[in-house]
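A.B. asks: Have a look at this prediction, sequence included:
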Amino acid sequence: MLDLKFVCENIEKVRKNLNQRGDFSKLLDQISAANEKRKKIITESEKLRQEQNKVSEEIAKLKKEKKDAKRQISEMKGVSDRIKQFETELNHEEKKIKDILLNVPNLLHDSVPVGKDSQDNKEIRKWGTPPKFDFTPQDHLVLGEKLNIIDIERASKISGSRFALLKGWGAKLERALINFMLDLNTKEGGYQEILPPFMVNQTAMTGTGQLPKFSEELFKVQDSEYYLIPTAEVPLTNIYRDEILDKSQLPLYLTAYTPCFRREAGSYGKDVKGLIRQHQFNKIELVKVVEPESSYEELEKLTQDAEKILQRLELPYRIISLCTSDMGFGAAKTYDLEVWFPSQNCYREISSCSNFEDFQSRRMNLRYRPDPKSKPRFPHTLNGSALAVGRTLIAILENFQQKDGSIKIPQALQSYVGTDKI
RNA sequence: GGAGAGGUGGCAGAGCGGUUGAAUGCGGCGGUCUUGAAAACCGUUAGGCCCGUAAGGGUCUCGGGAGUUCAAAUCUCCCCCUCUCCGCCA
């Protein structure tokens, strides 16, 4: 959520920035107008309240002295009604402002490349070289079926489309990856491991920005107010919602393994084959809460933490900076990590690392105190996948496949899987 | 699921419907004392919003919402959460 005051005081600047994401001009004007009205109402009603408080005090004094206060009481009867009227109007304007503000995306950082679609995303760097095969490499589905470790058909029998069943070494590899990533994040990255709830309430979803705008992407649990998390970002970032953290608690580094649940509405026909796009997938997430001054430095570090996993797994990847039109709703800047997929002969997203600045912390009223004497401020929040586990698994299958259809296990992972080949 | 208890400032814990944003204690910060520290003593210590260049002034907030009243932390109703006991259960 943007700062109302900032928006109203810098409306042309905000308009120009948001123009890169779409047309929010009308909404901004509505906000500005509603805010003017709001301020007027407040000024008027506070005058009345002041009078009410003063006279109430007089009444109290008179009563104490056992004197008559009838005149004052009847005088105040009308005042109280008018205050209530103002209150109603004020609530109306404030709700209007909040409803709009919750649906306005974050301002983009100056360094975000300008572009009109994903073609304009900017490659930042590349690591590793795509493997050369002296045979035609298979895609992960073919490999998975041959090895009897991925079963899509039976998964659709018990659930539906966009679900998968991992079996035997497949299941074990997935589990090994989870442990490997968590270990790396905690031991080398300094992240605290969290095992959060996989269902959260509406307030949490609003805090990180999934609601109110993107409800069609979420699974809601019937007969309850719970939503299945689409990413661990939601429970992790919301842990300290409505709190004022001490400066000594920052920076906060959190990591968690969770399954993620997404409706994938609007992705009909996209990635229908295989494990790329599922309704349920495993992910290890990194979340940071940091002081504003250091957040962009922290974004670089967080991205490197995610990269490190791919490097240890010897998977070739590249990093791109998402361009203005490809950026997500709440992010000010995003790097995507894309891993090499031999079967598709291209890089595909395996992690997304973003700085949300104070967009989320303002939504969830998460603050920190820079020092004991100063006012609380909104910290910056960041998150990134490290990594999407299912996509990592298939990247390993495809990049480490051998001529005979077997899969070599990357060195770093062998002790976790318990074999060097499947 | 059943029965009961309770939600007040960073924490603990008071609070006859009327100068109570809120006693007191602890903690935090500043100071006095001390060679230094501790102790003791003194002072200070919530957040949001509005007006104002500022100094400052005003206003709201005692889990959330609605109501009664000239006036609500205090009374009424609804909701949420926590704890204890019983039942069920991984």
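C.D. replies: On my side now, so go ahead.

A.B. asks: how many neighbours does the residue in chain A that RNA strand B sits nearest to have?
C.D. replies: The minimum distance from chain A to RNA strand B, using Cβ to the nearest atom of the strand, falls at residue A:60 (2.7 Å). Where you see a C-beta, it was placed from the backbone N, CA and C, and this is true even at glycine. Counted with other Cβ atoms under 10 Å, residues neighbouring residue A:60 total 11.

A.B. asks: Show me what counts as buried in the helix or strand hosting it.
C.D. replies: For residue A:60, the host element (DSSP states H and E) is helix A:25-64. Buried positions in helix A:25-64, judged by neighbour count with 16 or more other Cβ atoms under 10 Å: A:27-28, A:31-32, A:34-35, A:37-38, A:41, A:45, A:48, A:52, A:55, A:59, A:62.

A.B. asks: does the helix or strand immediately after it in the chain come close to RNA strand B?
C.D. replies: Remark: after helix A:25-64, the chain's next helix or strand is helix A:70-101, criterion DSSP H and E. Yes: under the criterion of Cβ under 7 Å from any atom of the strand, RNA strand B is reached by helix A:70-101 at A:73, A:76-77, A:79-80, A:91.

A.B. asks: Which one (most neighbours) among the residues you listed?
C.D. replies: The most crowded member of the residues of helix A:70-101 next to RNA strand B, judged by other Cβ under 10 Å, is residue A:76 (18 neighbours).

A.B. asks: Get me the contact residues on the stretch 151-300 of chain A for RNA strand B.
C.D. replies: Counting by Cβ under 7 Å from any atom of the strand, the residues of the stretch 151-300 of chain A near RNA strand B are residue A:244.

A.B. asks: picking that back up, wait, which of the buried residues of helix A:25-64 is closest to residue A:390?
C.D. replies: Nearest to residue A:390 among these, counting by Cβ to Cβ, is residue A:27 at 37.4 Å.

A.B. asks: Next one, pLDDT for the closest one please.
C.D. replies: Looking at residue A:27, its pLDDT reads 96.

A.B. asks: OK, contacts around it?
C.D. replies: Residues in contact with residue A:27 (Cβ atoms under 8 Å, 6 or more residues apart in numbering) are A:100, A:103-104.

A.B. asks: Switch those residues over to a markdown table; also include pLDDT and neighbour count.
C.D. replies: Converted to a markdown table, the contacts of residue A:27 look like this (pLDDT from 0 to 100; neighbours: other Cβ atoms under 10 Å):
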| residue | pLDDT | neighbour count |
| --- | --- | --- |
| A:100 | 94 | 18 |
| A:103 | 93 | 13 |
| A:104 | 95 | 21 |
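
A.B. asks: and which of those is nearest residue A:227?
C.D. replies: Using Cβ to Cβ, residue A:103 is the member of the contacts of residue A:27 that sits closest to residue A:227, with 18.1 Å.

A.B. asks: That closest one is in what secondary structure piece?
C.D. replies: Under DSSP H and E, no helix or strand contains residue A:103.

A.B. asks: Ramachandran angles for it?
C.D. replies: Torsion angles at residue A:103 (phi, psi; degrees, to the nearest 10) stand at phi -110, psi 10.

A.B. asks: same thing with residue A:333?
C.D. replies: Phi and psi for residue A:333, reported as degrees, to the nearest 10, are phi -160, psi 140.

A.B. asks: If we ignore the residues flanking it in sequence, what's nearest it?
C.D. replies: Distances taken as Cβ to Cβ, 6 or more residues apart in numbering put residue A:109 closest to residue A:333, at 4.2 Å, once the chain neighbours are dropped.

A.B. asks: what about that neighbour, which SS state?
C.D. replies: Classification of residue A:109 using DSSP: H, G, I helix; E, B strand; the rest coil returns coil.

A.B. asks: I'd guessed it sits against residue A:356; true?
C.D. replies: No: if you go by Cβ atoms under 8 Å, residue A:109 and residue A:356 don't touch, sitting 10.7 Å apart.

A.B. asks: Tell me which of the two has more neighbours.
C.D. replies: Per other Cβ under 10 Å, whichever of residue A:109 and residue A:356 has more neighbours is residue A:356, with 27 against 18.

A.B. asks: how far away is residue A:89 from residue A:8?
C.D. replies: For residue A:89, the distance to residue A:8 (Cβ to Cβ, to the nearest Å) stands at 19 Å.

A.B. asks: go on, residue A:109?
C.D. replies: Distance, residue A:109 to residue A:8, by Cβ to Cβ: 21 Å.

A.B. asks: Would you state the helices of the stretch 301-422 of chain A in chain order?
C.D. replies: All helices of the stretch 301-422 of chain A, identified by DSSP state H, counting those that start in this stretch, fall at A:359-363, A:389-399, A:411-417.

A.B. asks: Figure out which of the ones you listed is closest to residue A:153.
C.D. replies: Taking Cβ to Cβ, helix A:389-399 is the member of these nearest to residue A:153, at 17.1 Å.

A.B. asks: For the closest one, the averaged confidence score.
C.D. replies: What helix A:389-399 shows for mean pLDDT is 96.

A.B. asks: Hmm, residue A:229 and residue A:220 touching each other?
C.D. replies: No: counting by Cβ under 8 Å, residue A:220 sits too far from residue A:229 to count as a contact (11.7 Å).

A.B. asks: The two: which has the busier surroundings?
C.D. replies: Comparing residue A:220 with residue A:229 by other Cβ under 10 Å, the one with more neighbours is residue A:229, at 28 against 15.

A.B. asks: Name the nearest residue to residue A:87, sequence neighbours excluded.
C.D. replies: In this structure, residue A:87 finds its nearest non-sequential neighbour in residue A:45, 6.8 Å apart by Cβ to Cβ, 6+ apart.

A.B. asks: Let me see the backbone angles for residue A:274.
C.D. replies: Per-residue torsions, residue A:274: phi 80, psi -160 (degrees, to the nearest 10).

A.B. asks: Tell me how many other residues surround it.
C.D. replies: Here the number of neighbours of residue A:274 (other Cβ under 10 Å) works out to 18.

A.B. asks: residues contacting it?
C.D. replies: Residue A:274 neighbours (Cβ under 8 Å, 6+ apart): A:139-141, A:152, A:394.

A.B. asks: of the residues you listed, buried ones?
C.D. replies: For the contacts of residue A:274, a burial check counting by 16+ other Cβ under 10 Å picks out A:139-141, A:152, A:394.
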